[in-house]
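Asks: my questions are about this predicted structure, shown below with the sequence.
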Amino acid sequence: MLLRSCGHGFTIANYGRRFQAMKRTSITISEPVIVRPVVVGLTRSSPFSSLATKSIDIGKTWERLQTEAQAVLSKRGGRDSRFGMKEFIEDRVLSRSSFEDSLSATLSAELDQVSNLHIGAMASEVMQDDTSILEAVSADLDRFLVMDPAAEDGGLLKIYLFFKGFHAVQCSRISHRYWKAGDKWIASALQSDISEKFGVDIHPASQWGKGITMDHGTSIVVGETSVIGDNVYLMHDVTLGATGTSEDHDRHPKIGRGVYLACKSTILGNITIGDRAVVGAGSLVNKDVPPGYTAVGTPSRMIPPKADVPKVAPSGQALPSGDFGYSVEWH
């Protein structure tokens, strides 16, 4: 049985309760407070705001995936069932007994062609022990619909089946669980396969929140001691790296909640990017970015937030003024 890591700084009610029969979640709203999570194995903690929380119903997420899969095969006179698509969708979703089974099959199909590792069995083992994987998957799907305009016409199913950034993040969550359990050879082997298949280099020790949008999922590098909060949006060619000059083991960035990292942005060193900050395209950041600020240029300069100017997602949807994190309560 894998060990569980609770040092991520993300609110998970009743974390670690064994997943049973797709139980429901309830809505939980909490007032903004500032917390300082202690990151296990690191030399300092970094600030994250809890903000409000949005519940995710894992059972409804799985039901929606199944409903959307059935609709794809039945609508448009069955035109989308051709060329092996019917068998593809049935294998990944409709023939599966549970969300866990479906995700294991989906990730296995993506990575089994890369090596002889039994990815499906690895995913199943982790999810049997750690319910937070499916919580995070559901939150990622929910956030993708808010943030990514390319996801609007295909619902959750399009993201679930075809978005390699989404797949890379879920595989990285699994490799992280093995790393934290001390199975570092297994974690490293999986990380290598993720790199070869998806074109990203994510260290299995890096820590990820929920509601992650990895758009395009190409040429993203995330260093060992990086911590990424809820609702972070990463474009392609983002680097969370070290300066190469620090003697400390904790040498990578800490990214707060609701942060937007534009394409080709480079963030170096054990610095904090505050909640809802933006790092502009092509920017080089090597110092803390205050919450809500925008860092642009090389080296970056800080632009303060404008009062009464609402945040808007790339999809065009307005974001809530406080944004939110994800919380799951089992009952």
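Replies: That came through fine.
Asks: when you work out contacts or count neighbours from here on, use the C-alpha atoms and nothing else.
Replies: OK.
Asks: centroid-nearest residue for the protein?
Replies: With distances taken as C-alpha atoms, centre = their mean, Ile212 lies nearest the centre of the chain, 3.3 Å away.
Asks: number of nearby residues for Gly199?
Replies: Gly199 has 17 neighbouring residues, counting by other C-alpha atoms under 10 Å.
Asks: now do the same contact list for it.
Replies: Applying C-alpha atoms under 8 Å, 6 or more residues apart in numbering, we find Gly199 in contact with 217-220.
Asks: cool, and Asp142?
Replies: Applying C-alpha under 8 Å, 6+ apart to Asp142 gives the contacts 156, 211.
Asks: flag the shaky bits of the stretch 51-200 of the chain, pLDDT-wise.
Replies: Along the stretch 51-200 of the chain, the parts satisfying pLDDT under 70 run over 51-53.
Asks: ranges for the strands of it?
Replies: Ranges of strands within the stretch 51-200 of the chain are 52-55, based on DSSP state E, counting those that start in this stretch.
Asks: give me phi/psi at Val221?
Replies: When quoted as degrees, to the nearest 10, the phi and psi of Val221 stand at phi -120, psi 130.
Asks: for it, give the beta-bridge partners.
Replies: On the basis of DSSP bridges, Val221 takes part in beta bridges with Asp201, Thr239.
Asks: so it sits right up against Gly241, yeah?
Replies: Yes. Between Val221 and Gly241 a contact is recorded at 7.3 Å, counting by C-alpha atoms under 8 Å.
Asks: who are the neighbours in contact with the residue nearest to the centre of the chain?
Replies: Shown in contact with Ile212 (C-alpha under 8 Å, 6+ apart): 139-140, 143-144, 169, 230-234.
Asks: which of the residues you listed has the most neighbours?
Replies: Within the contacts of Ile212, Asp230 tops the neighbour count with 30 neighbours, counted by other C-alpha under 10 Å.
Asks: from Ser192, how far out is Gln66?
Replies: 31 Å (C-alpha to C-alpha, to the nearest Å).
Asks: now swap in Ser55 and tell me
Replies: 33 Å.
Asks: with Gly154 instead?
Replies: In terms of C-alpha to C-alpha, Gly154 sits 30 Å off from Ser192.
Asks: which one's more surrounded, those two?
Replies: Between Gly154 and Ser192, counted using other C-alpha under 10 Å, Ser192 has the larger neighbour count: 18 against 13.
Asks: hey, what's Leu234 bridged with?
Replies: Where Leu234 sits in a bridge, its partners, by DSSP bridges, are Met214, Leu261.
Asks: quick one: contacts for it?
Replies: 212-215, 260-263.
Asks: out of those residues, who's nearest Phe162?
Replies: Nearest to Phe162 among the contacts of Leu234: Asp215, at 11.9 Å, using C-alpha to C-alpha.
Asks: the nearest residue to that closest one once chain neighbours are set aside: neighbour count?
Replies: Distances taken as C-alpha to C-alpha, 6 or more residues apart in numbering put Met235 closest to Asp215, at 5.0 Å, once the chain neighbours are dropped. Met235 is flanked by 21 other residues according to other C-alpha under 10 Å.
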